Structures are given as C-alpha cells and as structure tokens.
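>>> Need coordinates for the following:
(one chain, ligands or ions: 2)
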Amino acid sequence: MRAAHTVEQVRAAEEVELARLPEGALMQRAATGLAVAIADLLGGVYGRRVLLLVGSGDNGGDALYAGAQLARRGAAVEAILLSEQVHAAGLAALLARHGRVVDTTTATRPDVVVDGIVGIGGRPGLRPNAVEALGLFRDVPVVAVDVPSGVGVDTGELDGPHVVADLTVTFGTHKPCHLVDPAASACGVVDLVGLDLDLPEPPIQALQAADVAVLVPRPDPFAQKYTRGVVGVRAGSPEYTGAAVLTTSGASCGLAGMVRYDGPAADEVRARHPGIVASVGRVQAWVVGPGGGDDVDVLLAACLADGVPVVADAAALPHVEPGHSRLVLTPHAGELASMLGTERDAVEADQLGHVRRAAAHFGCTVLLKGRHTLIADPGGRVRVTTSGVPWLAVAGAGDVLAGVIGALLASGLEPFDAASVGSWLHGAAATVAGGGGPVTPEGVADAVATVVSGLTSGLQD
Ligand SMILES: NC(=O)C1=CN([C@@H]2O[C@H](COP(=O)(O)OP(=O)(O)OC[C@H]3O[C@@H](n4cnc5c(N)ncnc54)[C@H](O)[C@@H]3O)[C@@H](O)[C@H]2O)[C@@H](O)CC1
Ligand SMILES: [K+]
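Ligands and ions are numbered 1, 2, ... in the order given. From the prediction side, this is the model:
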C-alpha cells in the first residue's frame, strides 16, 4: 500500500523523531537520500554540474546538504539563494566543499536543477524570483526536494506557478500531492526516502498489486455459481446497445459466478457472452445506468429497492439521491460537477475536495474517474488508482469499469474495496491489453482475467 499523510501528520511524526535523534540527523538522512537519487538520475557524480534553487526553509537546507555531498564526490555545485535567509549550516557545508553561490546572471548551464525552494511549509504558488530562476534552463531535468514547489501539498491543487519535476524525492511518507491530480502530474517519478517515522493511519492510499492480490475474491473449493455471487446489469437502450454489451463484458470478467442482463439489448449481449442469463432474478449486486434511456430513473429505483449493493453510472447518476450507503457512484469530472451543482473545471482543479464532498453528501462510495482515479467513502477515506494508462481514455471504458465493480460487489466486497480494486484491475488490464499501445474497451474487459491470474500466481510464489 502506498500511503500519503498530511503536512500536519508529517510534522507531528517528525517532531517525535527530532526529539529522539541528535540535532540535524533527520535532515542529514533526507539529504543523503536526495543526493543518492540525484546521482542515480545523473548516472554518476564526478564532473556533473548541479544547480540548487534554495528557499528560506529546511527544504532549502536539504538541497544545500545534498549539494555538499555531491560536491564532495566531485560535482560542480552552484546555488541560487532565493531568500536573504537560508539554512545557515547547510550553506556553510556547501561552501566548505567548494560549492558556489551564484545569481541568475552568473549561473552555469547545469545537468540537473534541484528545487529546494519550498517543501511542506510552502504556500501554493511561487514568487517572481523563483519563477525567473526556474526559467533559466528550461530543458534541464528538475529534481524536486520533497514536493514540487508551489503545489498544494495537502490538496493536490495547482494554484499559480509551480515546479514541474522529472523526479520528486520525498521523505518519510508520500504527501497527498504525490498521488492526487493535478499536482501529482507535476511530480514526475516519485522516490521515497524512509525516515522511520511513526505515522498514523493514512487518509489517502494507493493500492499496489500485493494489496489487490489480498483483496480480490477467490472461489473456495466448494464454490457454486450462486455462492460466488450474481451480478445484474441494467444498461443500454434501443439507441445505445453497445453500452449493454460493454457493461456486461466488464461484469463477465470472471470475478462473479453469474451475470444477469435485464434490458433491451439481450440479443446483442448474448451474442457476445453466451453465459449471460437474460432474465430478471435474484442478484447480489446491480449495475445500472450506462447507455440508459428514459426509464433509467425507474430502473435505478428498482435496483435500490432490491436492497443489494448498486453501481450507478452515467445516465443513472443525475437521479441519485443521498442516503444509500451501499451505492457506488462512478462519475467523471463533468458528471460530478452536475451532481454537485458546480463546473467541470472546478472539479478538475480540486479533485480530492470534490470527491470527498460528494461521498459525504450522498453518504456512499464515490469514484471520480481521471488519470489518477479517486475513490472516497463517507467516512473520509480516500484511495487513488495509479495503475491506469492514458490509452484508457476511450469511449466505453467506463461501462466496462462499472461492470467490473458490479462483479466485485456481487462477490461480497464492500463498496469502497470493490470500487478501488475494480479501478486498479481496470487500469492494469489496460496496460496488459495494450502492451503500451492503444486499447479497446472489449480488450480491457478481456484482460481483467489475465491480470487476476497474474496476481493469483504471484501469491503462490
Ligand atoms: N522537519 C524535519 O525534521 C525535516 C524536514 N525536512 C525538510 O523540511 C521541509 C519543511 O521545511 P520548513 O518547515 O522549513 O518549510 P519550507 O522549507 O517548506 O518553507 C519555509 C518557508 O518558506 C516560505 N514560503 C512559504 N511559501 C512560499 C512560497 N510559495 N514561495 C517562497 N517562499 C515561501 C515561508 O517563509 C516558510 O516559512 C520539508 O519539506 C523537507 O524538505 C527534511 O529535512 C526531513 C526532516
Ligand atoms: K521543493
């Protein structure tokens, strides 16, 4: 599990360590990890040129100490000081190793720029002198210290100028900005340097393959199709039969024992999936909404009346009322904006805030689709999916996702787990299906079984 903690949580845990360790030890640990990561990026140290951008706080101190370590190993290290006051001991260490203080007119072209402007003590945005310094060598790789300066560390928002890093070296734990877009997209690769902090339960997590392997349902030796769970699909309309086919394709990923389809595209659905039963009967979960027509409100009400968990997607979303705890809503940013009475841009700018607000308002699990899909539950927990690929942005992929989550709900997973595991599998399936290239939604649905089998064999190793 990749965990992200808030600034307040990190500060509290750091205080305990700071009191326990000799003065400066924690920062030295961070700086050593940073120097190693920079050396790895550069493929060596001796003769390389490093430019440090140094702000007023400890983030600048990390950069200065790492610069001193690199200078000791033969790098030519220059520092632009962006504040009259910088970390004094860090600066002394750099100067003792023959690092040089320069300004924007005297800096030499570096092999890497190190962003030590601000860390977790920073406010969003950058001052003009930082923007000017960052603009000097635009094509040079940037390593951000802890966080790309200027991003909203706890919110994942981007409000004003900010660093766009190729690599972010963070300390102790991830912060929300490393996982939550749009800030996460400014981090590049994120490298975590452990500080042995004693941290509380993280408010934000990103499932990894090993977590999904534990959560994914497996049939017991005496399983029957009914004990594995039946998922019902009410999707498609005379106009949109494809949505019925794709939603049932997701539902037929193999994670439930049986799929029922109730709707106007039964012939198309059975032609693609002969195992699907096209009649109404008892189910353990419903999926409703993709490609839905005029009667989608009635269908949603019927699904909810069954008292089983329900995935509501697409056309069903505008009809959802608060108060159904076993509901999973799967909007994209535009749909969530309509549901909350705001604009799409506002949702995209503050994805974490909006998905949390929606989960609290509707009292159920809400999954906000995006590059890094967010899943929130009404209790405030959030999971982020980082397994997706940009090729997954294709019409019909959302129908497949709704079907996969429905299958997981039917198999007995709780809504929050079903949504986050389904989203992870969907993203990983796109990687498998496309092999780094384009995917079709059908291909993604078919590849879910391959991903699950990879997880299962991994467990047996
Ligand atoms: N506390 C610790 O023990 C450790 C802290 N570490 C480093 O320390 C950092 C936090 O250090 P600080 O608390 O000193 O805070 P920062 O270095 O993040 O920022 C400090 C100061 O920057 C100024 N500032 C705020 N927003 C700004 C902006 N947008 N533009 C320009 N200046 C701005 C403010 O005056 C603020 O007090 C972490 O991110 C990490 O890099 C690491 O060395 C690990 C150990
Ligand atoms: K930084």
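
>>> Tell me which residues touch whichever residue of the stretch 301-450 of the chain sits closest to ligand 1, please.
Closest contact between the stretch 301-450 of the chain and ligand 1, by CB to the nearest ligand atom, is at residue 349 (17.9 Å). Placement of C-beta: from N, CA and C, glycine included. Contact analysis of residue 349 by CB atoms under 8 Å, 6 or more residues apart in numbering lists 157, 158, 159, 182.

>>> Excluding residues flanking it in the chain, which one is nearest the last one?
Spelled out, that is residue 182. The shortest distance from residue 182 to any residue other than its chain neighbours is 5.0 Å, reached at residue 158 (CB to CB, 6 or more residues apart in numbering).

>>> The one you found reaches residue 124, doesn't it?
Yes: using CB atoms under 8 Å, residue 158 and residue 124 qualify as a contacting pair, with a distance of 7.5 Å.

>>> thought residue 132 was touching residue 104?
Yes: counting by CB under 8 Å, residue 132 touches residue 104, with 5.8 Å between them.

>>> Between residue 158 and residue 124, point out the one with more neighbours.
The residue with more neighbours, out of residue 158 and residue 124 and counting by other CB atoms under 10 Å, is residue 158; that gives 22 against 19.

>>> and the more buried one, what are its bridge partners?
Using DSSP bridges, the bridge partners assigned to residue 158 are residue 151.

>>> residue contacts, it?
Neighbour list for residue 158: 124, 150, 151, 152, 182, 183, 186, 349 [criterion: CB under 8 Å, 6+ apart].

>>> which of the residues you listed count as buried?
A residue is treated as buried here by neighbour count (16 or more other CB atoms under 10 Å); on that basis the buried members of those are 124, 150, 151, 152, 182, 183, 186, 349.

>>> Where does residue 233 fall, secondary structure wise?
Counting by DSSP states H and E, the element that carries residue 233 is strand 230-234.

>>> elements contacting that strand?
With contacts defined as 3 or more CB pairs under 8 Å, 6 or more residues apart in numbering; DSSP states H and E, the secondary structure elements packing on strand 230-234 are helix 241-251, strand 258-261, strand 285-288, helix 296-305, helix 397-410.

>>> Kindly present the ones you listed as JSON lines, with separate columns for mean pLDDT.
Converted to JSON lines, these look like this (pLDDT from 0 to 100):
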{"stretch": "helix 241-251", "mean pLDDT": "97"}
{"stretch": "strand 258-261", "mean pLDDT": "98"}
{"stretch": "strand 285-288", "mean pLDDT": "98"}
{"stretch": "helix 296-305", "mean pLDDT": "98"}
{"stretch": "helix 397-410", "mean pLDDT": "98"}
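
>>> those strands in the stretch 101-250 of the chain, which residues are they?
Under the criterion DSSP state E, counting those that start in this stretch, strands of the stretch 101-250 of the chain are mapped to 112-116, 142-145, 167-171, 189-193, 204-206, 230-234.

>>> Around ligand 1, pick out the residues from the stretch 151-300 of the chain.
residue 171 (CB under 6 Å from any ligand atom).

>>> Wait, residue 255 touches residue 216, no?
Yes: using CB under 8 Å, residue 255 is in contact with residue 216, at 7.3 Å.

>>> ok, these two, which is more surrounded?
Between residue 255 and residue 216, residue 255 has the larger neighbour count (other CB under 10 Å), namely 31 against 21.

>>> before we move on, what SS does that one have?
Under the three-state scheme (DSSP: H, G, I helix; E, B strand; the rest coil), the conformation of residue 255 reads as coil.

>>> Let me see the contact set for it.
Contacts here follow CB under 8 Å, 6+ apart; on that basis residue 255 touches 216, 217, 404, 407, 408, 411, 448, 452.

>>> how deep is the third one tucked in, by neighbour count?
When you say that, I think you mean residue 404. Taking other CB under 10 Å as the neighbour definition, residue 404 ends up with a count of 34.

>>> go on, the second one?
Residues lying near residue 217 (other CB under 10 Å) number 20.

>>> How about it, nearest residue that isn't a chain neighbour?
What sits nearest to residue 217 in space, not counting adjacent residues and going by CB to CB, 6+ apart, is residue 411, at 3.9 Å.

>>> Quick check: pLDDT value at the one you found.
Model confidence at residue 411, given as pLDDT, is 97.

>>> Can you give me the distance of it to ligand 2?
Computed as CB to the ion, to the nearest Å, the residue 411 to ligand 2 distance reads 43 Å.

>>> hang on, isn't that residue packed against residue 229?
Yes: using CB under 8 Å, residue 411 is in contact with residue 229, at 4.4 Å.

>>> who touches both of these two?
Both residue 411 and residue 229 are contacted by 217, 256, 257, 284, under the criterion CB under 8 Å, 6+ apart.
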